[in-house]
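Undergrad: turn this into a structure:
(one chain, ligands or ions: 1)
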Amino acid sequence: MKVRNVLIMHGPNLNLLGMREPDIYGAVTLQDINRNLSKLAENKEIKLDFFQSNAEFALIDRIQQTMHDGTDFIIINPAAYTHTSVAMRDALAAVKLPFIEVHLSNVYARESFRQRSYFSDLAIGVISGLGAKGYELALEYAIASR
Ligand code: DQA
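TA: Numbers count the residues shown, from 1 in each chain. Next comes the predicted model:
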């Protein structure tokens, strides 16, 4: 598999990282996360594209766009839609791209409703509980799997 174009997707409320429940999600902002990923991708012939939305339809539209924009791989934190969105699951199933599901917190150590994901069985893998490092590990995997 040749990975060149990686789409990094962030779901609802992740635009508030840094201010939002820092005891759970830490002090890191979404800009910090994206900047670190860009650094990691430097000189590796990888093009990153970043997308955050609070709107389910916008996330679905962005996933559908990958059918035409050359995206090879998706790293996605669906945030609360992880536990609710059959529609986002269907979009990922439709585009058939390999993806890794990332969560900053360990969803299995939290409320029971967070322990169900509509994405995990379609994902290559799931990283949960490693904070911002989870995105970096996912990107390393995507780079190594070219
Ligand atoms: C999250 C976990 C979800 O349960 C929650 O709704 C989020 C963030 C995480 O990164 O830990 O918004 O996906």
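
Undergrad: skipping its backbone neighbours, what lies nearest the residue with the shortest distance to the centre of the chain in space?
TA: Closest to where the C-alpha atoms of the chain average out (CA atoms, centre = their mean) is Ile76, at 1.6 Å. The shortest distance from Ile76 to any non-neighbouring residue, by CB to CB, 6 or more residues apart in numbering, is to Met9 (4.2 Å). Yep, even glycine has a C-beta here, placed from its N, CA and C like the rest.

Undergrad: wait, does the host helix or strand of that neighbour contact the ligand?
TA: Secondary structure from DSSP states H and E places Met9 in strand 5-10. No: residues of strand 5-10 are not located near the ligand by CB under 6 Å from any ligand atom, the shortest gap being 8.9 Å.

Undergrad: sheet-wise, list the partners of that strand with their directions.
TA: Paired neighbours of strand 5-10 in the sheet (DSSP bridges): strand 47-52 (parallel), strand 73-77 (parallel).

Undergrad: now it: buried residues?
TA: Val6, Leu7, Ile8, Met9, His10 (16 or more other CB atoms under 10 Å).

Undergrad: the third one pairs with what?
TA: It refers to Ile8. Phe50, Ile75.

Undergrad: up against the ligand, what does this structure have?
TA: Residues of the chain lying close to the ligand (CB under 6 Å from any ligand atom) are Asn13, Asn77, Ala79, Ala80, Thr82, His103, Leu104, Ser105, Val107, Arg114.

Undergrad: which of the three states applies to the residue of the chain most remote from its centre?
TA: Distance from the C-alpha centroid of the chain, by CA atoms, centre = their mean, peaks at Asn43 (21.9 Å). Put simply, Asn43 is coil when judged by DSSP: H, G, I helix; E, B strand; the rest coil.

Undergrad: which residues does the helix-or-strand element of the chain with minimal mean pLDDT contact?
TA: Every helix and strand in the chain was compared by mean pLDDT, DSSP states H and E; the lowest is helix 22-25, with a mean of 93. Outside helix 22-25, the residues within contact range by CB atoms under 8 Å, 6 or more residues apart in numbering are Leu17, Leu104, Ser105, Gly131.

Undergrad: done for today, thanks.
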